[in-house]
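J.: Got a sequence here, can you build the structure:
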Amino acid sequence: MPVPGGYAIKTYRYLRMAMVAMIALLGAALVIEWSKTDPSCLQNSISAYYYTPVRAIFVGSLITIGVCMVVLKGNTEPEDILLNVAGLLAPAVALVPTPGRGTCHSVPVDIGGAAPNVANNMLALFIIGAPCLVLTAIFVIRDRIANPDRWTPMYVLGLAVSALIFGGGIVWFFADRSGFIGNAHYAAAIVMFVCIVAVVLLNAEQFRRKQRKHAVPHSPANRYSVIALAMVIAPFAMLGWRALFGWDHAVLWIEGVLILLFAAFWLSQTQELWNEGIRQELPRSQATPSPLRSSAVE
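T.: Below is the predicted model of the structure:
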């Protein structure tokens, strides 16, 4: 018995809303922790809340968000690659703590040395991640054989980028454990945020083409362009302010603003694609309907 197409759309909706819920969950945990300290007492970064009672929510929400980004199919192949890379790095951001413990916490949390935690958890991630990549490669090869007309080199590029990052992490982990523990969090976090900003920029361009194809009087502004512009300007403005006047919590606010803007982007994209699931890539001169378009409603 064939499964109605509406169920695929509903699955997309649930996964998308799960990501928003995880961001809200992390925000709630941070606010609760902050409410138990002096109002002026803040950690220097969101990542430093790993050393507070927020740790379980911080690790769990980042891993869940990472899984959702990998599972969800991007609207275009470049977007899908960027989401996969960001999702691949999110667990590393969660499992390798920032070296700076900070001093603002409601109660001290004794986690012991970081080295044993990183050694156990990252090794587990590598052990499970390796066969997942191999399985993905098998799927790509099978798709290439079964559907040669639909296959593009972007499939291979995406797999190669993921394998390069994953393999590089394994080499770094075993060759320079102290360097990995001290710097992997920052490296993964920076690349992850860059990928997220790039995803928003890609959506701004695709939405612009969609608006041009289906132009109507008083068409709304390109929401993704506004979010992308804010994502680019805000970090540089805050870093500039820190360089000129000093600001201990610049990283905390940069992370917070980027996360809120990502949530705004994700909600906006979810609203746009509520009945479509995926926005098919639009060429510069024309637009075509999404192959997953559905009238399914909750």
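J.: Once you drop chain neighbours, what's closest to residue 251?
T.: Spatial nearest neighbour of residue 251, excluding adjacent residues (CB to CB, 6 or more residues apart in numbering): residue 45 at 4.4 Å. In short, each C-beta sits where N, CA and C put it, glycine included.
J.: who's in contact with the one you found?
T.: By CB atoms under 8 Å, 6 or more residues apart in numbering, the contact list for residue 45 reads 98, 100, 102, 251, 252, 255.
J.: what do you get for residue 196?
T.: 82, 86, 231, 258, 262.
J.: now do 7 Å
T.: 86, 262 (CB atoms under 7 Å, 6 or more residues apart in numbering).
J.: next one: phi and psi at it?
T.: phi -60, psi -40 (degrees, to the nearest 10).
J.: ok so, going back, in three-state terms, how would the residue nearest to residue 251 be classified?
T.: What DSSP: H, G, I helix; E, B strand; the rest coil gives for residue 45 is coil.
J.: Can you tell me how far it is from residue 258?
T.: 12 Å (CB to CB, to the nearest Å).
J.: what does residue 201 give?
T.: 14 Å.
J.: if we can go back for a sec, specify which member of the contacts of residue 45 is nearest to residue 273.
T.: residue 255 (26.6 Å; CB to CB).
J.: The closest one against residue 48, yeah?
T.: No: counting by CB atoms under 7 Å, residue 48 is not a contact partner of residue 255; they are 10.1 Å apart.
J.: Would you mind grabbing the residues shared as contacts by the two?
T.: Contacts common to residue 255 and residue 48, judged by CB under 7 Å, 6+ apart, are absent.
J.: More neighbours: which of these two?
T.: residue 48 (23 against 16; other CB atoms under 10 Å).
J.: Contacts only, for the more buried one.
T.: By CB under 7 Å, 6+ apart, the contact set of residue 48 is 98, 100, 101, 102.
J.: out of the residues you listed, who has the most neighbours?
T.: residue 98 leads the contacts of residue 48 on contacts (other CB under 10 Å) with 22 neighbours.
J.: Specify the local secondary structure of it.
T.: coil.
J.: List phi and psi for it.
T.: Taking degrees, to the nearest 10 as the convention, residue 98 sits at phi -70, psi 140.
J.: go on, the one 5 residues further on?
T.: Listed backbone geometry of residue 103 is phi -130, psi 0, with angles given as degrees, to the nearest 10.
J.: Tell me how far it lies from residue 115.
T.: For residue 103 relative to residue 115 (CB to CB), the value is 22 Å.
J.: now residue 184
T.: 12 Å.
J.: the more surrounded of these two?
T.: Neighbour totals were compared for residue 184 and residue 115, and residue 184 leads with 22 against 12 (other CB under 10 Å).
J.: nearest spatial neighbour of residue 82, skipping sequence neighbours?
T.: residue 195 is the one closest to residue 82 (CB to CB, 6+ apart), at 4.4 Å.
J.: list the contacts for that neighbour?
T.: So residue 195 contacts 82, 85, 86 (CB under 7 Å, 6+ apart).
J.: That one is in what secondary structure piece?
T.: Assessed by DSSP states H and E, residue 195 sits inside helix 177-213.
J.: residue ranges with poor pLDDT in the stretch 51-200 of the chain?
T.: Within the stretch 51-200 of the chain, the stretches with pLDDT under 70 are 111-112.
J.: try 90 this time
T.: Where the stretch 51-200 of the chain drops to pLDDT under 90, the residues are 71-77, 99-115, 133, 136-159.
J.: so where do the helices sit in the stretch 151-298 of the chain?
T.: Here the stretch 151-298 of the chain has its helices, by DSSP state H, counting those that start in this stretch, at 153-175, 177-213, 223-245, 250-272.
J.: Same list (those helices) but as a markdown table, adding distance to residue 18.
T.: Formatted as a markdown table, the helices of the stretch 151-298 of the chain follow (distance: least, CB to CB, whole Å):
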| stretch | distance to residue 18 |
| --- | --- |
| helix 153-175 | 22 |
| helix 177-213 | 17 |
| helix 223-245 | 20 |
| helix 250-272 | 11 |
